[in-house]
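[1] Quick check, what structure comes out for this input:
(one chain, ligands or ions: 1)
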Amino acid sequence: MIAIQTRNLTKKFKEKTAVDQLNLSIEQGELFSLLGVNGAGKTTTIKMLSCLSKPTSGDAVLLGDSIAANPMAVKQKINVSPQETAVAPNLTVKENLETIAGLYGSGRKEAAKKTKEMIENFELSEVAKSKAKTLSGGWQRRLSIAMALISSPQILFLDEPTLGLDVLARRGLWNIIERLKGKITIILTTHYLEEAEALSDRIAIMAKGRLKSVGTAKELMLNTHTEKFEDAFIALATESEVS
Ligand SMILES: Nc1ncnc2c1ncn2[C@@H]1O[C@H](COP(=O)(O)OP(=O)(O)OP(=O)(O)O)[C@@H](O)[C@H]1O
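    Residues are numbered from 1 along each chain as shown. Prediction:
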């Protein structure tokens, strides 16, 4: 079943076209990565798909609901772990989770139960009582993903989940993301090519707001006659014409 179908999805900021007639089809349960150099249009795409920004034209249908016609229905099925961390600095890890569960409609008991589950699943117990502002970047990002999942979304957007993390924290998050694979649909953006290659079912490469190519890492290498994914990325992300 299709989780996300975009139809000529376009976003313009005055004369600047940030996303240009994007047509993408993403299967339910897929881990789908959006790659591209700075300014390619990845974050703008995620913002439109998560109903934080309205398309200038075109549409996207997420699990049967249109972002243009029915953004409220879409919002109930999705969640985002954004680039800028979403945690409240003065609340503890536990309080952050309970607050978000409450915001999504859980009563006290239910929020406490969901928080306990998240703390276990995300191995957050050693920091559960620490204020978020005292956590390292890796722990904060882990908390941010747990917060995004506490509403049990069917689609999760992860915008640069491992940006600035050291190699151990990054591998820790990879394990967490790998455990989610197949259970929910995940759209991931990253500048770390090895991350996209290791985690993704399929990868889309964008350049100047346009979709350049979609496929598995292997397919993208085959299509560009390259042996390293980085070379395939460079070939596709820097091509001037749409392929
Ligand atoms: N609010 C805005 N107003 C004007 N231009 C914008 C706005 N948001 C994004 N843009 C422009 O749209 C283009 C796409 O930006 P976007 O942030 O989507 O790219 P990106 O692929 O996510 O880049 P990065 O890898 O740097 O995060 C860029 O040229 C950017 O300057």
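[2] would you list every one of the helices in the protein?
    Assigned by DSSP state H, the helices in the chain fall at 42-49, 71-75, 93-103, 108-121, 137-149, 167-180, 193-199, 217-223, 229-237.
[3] where in the protein is pLDDT low?
    84, 239-243 (pLDDT under 70).
[4] Quick check: residues of it near the ligand?
    Neighbours of the ligand within the chain, by CB under 6 Å from any ligand atom: 13, 16, 18, 36, 38-44. Just so you know, the C-beta spots here come from the backbone N, C-alpha and C atoms, and that holds for glycine as well.
[5] Residue 114 and residue 103: what is the separation?
    12 Å (CB to CB, to the nearest Å).
[6] Neighbour count for the two, which is higher?
    The neighbour count for residue 114 versus residue 103, taken as other CB atoms under 10 Å, is higher for residue 114 (22 against 12).
[7] quick one, what contacts the more buried one?
    Taking CB atoms under 8 Å, 6 or more residues apart in numbering, we find residue 114 in contact with 97, 101, 106, 150.
[8] let's see it at 6 Å
    Contacts for residue 114 (CB atoms under 6 Å, 6 or more residues apart in numbering) come out as 101, 150.
[9] List the pairing partners of the lengthiest strand in the chain within its sheet, with orientation.
    Longest strand of the chain, by residue count under DSSP state E: strand 2-13. Strand pairing for strand 2-13, using DSSP bridges, gives strand 16-22 (antiparallel), strand 25-27 (antiparallel), strand 57-62 (antiparallel).
[10] buried sites along the longest one?
    Going back to what we said before, that points to strand 16-22. 17-22 (16 or more other CB atoms under 10 Å).
[11] With the shortest one instead?
    For strand 25-27, the buried set under the neighbour-count rule, 16+ other CB under 10 Å, comprises residue 26.
[12] Check stretch 205-224 too.
    205-215, 217, 220-221, 224.
[13] Next one: the residue in the chain sticking out farthest from the centre relative to the ligand, how far apart?
    Each residue of the chain has a distance to the centre, and by CA atoms, centre = their mean the biggest one is for residue 109: 29.3 Å. Taking CB to the nearest ligand atom, to the nearest Å as the measure, residue 109 falls 40 Å from the ligand.
[14] Pull the residues that contact the longest strand of the chain.
    Strand 2-13 has contacts (CB under 6 Å, 6+ apart) with 18-19, 21-26, 28, 44, 55-63, 155, 185.
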